[in-house]
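Student: Quick one: sequence and predicted model below, then my questions.
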Amino acid sequence: MEKTAAAFSPHEDGASAGTVIDIRNLSLTFQTADAPVFALSGIDLQVERGEFVSFIGPSGCGKTTLMRVIADLEQPTEGQISVNGVTPREARLARAYGYVFQAPALYPWRTVQKNVSLPLEIMGLSAKEQRERVARYLDLVNLGGFEGKYPWQLSGGMQQRVSIARALSFEPELLLMDEPFGALDEITRDHLNEQLLRLWEKTQKTVIFVTHSIPEAVFLSSKIVVMSPRPGRIIDIIDCNLPRDRTLDIRESTEFLKIAHQVREGLRAGHSYDD
């Protein structure tokens, strides 16, 4: 009989009261017509409240799959997972997280204000509360005054900021970001990285961030999870103890380069799992 993942109290087995995500020995296998696909294997991970945790690894290593398990968009076949002390499904139904996809996924026929307010409409908030929250979170991503614009009138970076504002609008405790800046040019990406750090400082959210970029992972994170090629395993968990108010200039520092080298070595070691 196929095993399924179970939820458990994050305070069991030594997890702290501040643990937002607690994953123990989690695996996921996709059943396909010709052969099973082993996507994740033996994942153990704890994420504390207020951390910024990046998942990094080669394409196809299961970074997004692991995030989708946290979001209850994929179901693991073995192991245990708890999100805010409950099952991923219960966390999803409680709107405990906001999800920012690789593409902004905005409705072109809705204005910026209407795109951001969409989850608030679904939640049944009053028109007044919707307007107040939209204004608050557009200001937070430096898009105040763009409420009446349509997505096609905005740059790619601005569209992604609208997507972030929408994910924050219903005030989740956890923000899941699946390589949100991957399609942007380097200058825009650097600018949004700085803005995302400021946003993290202001909101104190717990952030899970998927990226292929070593410099981006080191610049943004308080913790970096290095994953192996499929089946996705955690090769290393690297603490990133750079100052929280870091700027782009820190990328030239000895400490930054040291952490980047450690991530690169972890990725290199992960390939030893390849057949």
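Tutor: On my side now, so go ahead.
Student: Start from the N-terminal end of the stretch 51-200 of the chain and give the helices.
Tutor: 63-70, 88-93, 112-123, 127-140, 156-169, 186-203 (DSSP state H, counting those that start in this stretch).
Student: Indicate which one of those helices is closest to Glu147.
Tutor: For Glu147, the closest of the helices of the stretch 51-200 of the chain is helix 112-123, at 3.9 Å, according to C-beta to C-beta. All C-beta spots, glycine's among them, are computed from the backbone N, C-alpha and C.
Student: any idea how the chain splits into domains?
Tutor: 1-96+174-275, 103-171 (automatic domain parsing).
Student: can you put the ones you listed in CSV and add mean pLDDT?
Tutor: Formatted as CSV, the domains of the chain follow (pLDDT from 0 to 100):
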stretch, mean pLDDT
domain 1-96+174-275, 89
domain 103-171, 95
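Student: Could you dump those domains into TSV and include mean neighbour count?
Tutor: Shown next, in TSV, are the domains of the chain (neighbours: other C-beta atoms under 10 Å):
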stretch	mean neighbour count
domain 1-96+174-275	18
domain 103-171	17
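Student: quick one on the thing from earlier: would TSV of the helices of the stretch 51-200 of the chain with distance to Ile43 be doable?
Tutor: Formatted as TSV, the helices of the stretch 51-200 of the chain follow (distance: least, C-beta to C-beta, whole Å):
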stretch	distance to Ile43
helix 63-70	7
helix 88-93	14
helix 112-123	29
helix 127-140	32
helix 156-169	24
helix 186-203	24
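Student: for those helices, which one sits closest to Val226?
Tutor: helix 63-70 (10.3 Å).
Student: Alpha carbons only: can I get that closest one in CSV?
Tutor: Output of helix 63-70 as CSV, limited to C-alpha atoms (Å, rounded to 0.1, in the frame of the first residue of the first chain):
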residue,chain,number,x,y,z
LYS,A,63,12.7,22.9,-5.9
THR,A,64,9.3,24.0,-7.2
THR,A,65,7.8,20.6,-6.4
LEU,A,66,8.9,21.0,-2.7
MET,A,67,7.3,24.4,-2.6
ARG,A,68,4.1,23.0,-4.2
VAL,A,69,4.0,20.4,-1.4
ILE,A,70,4.2,23.1,1.2
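Student: which other helices and strands contact that helix?
Tutor: strand 19-30, strand 37-48, strand 52-56, strand 78-83, strand 174-178, strand 206-211 (3 or more C-beta pairs under 8 Å, 6 or more residues apart in numbering; DSSP states H and E).
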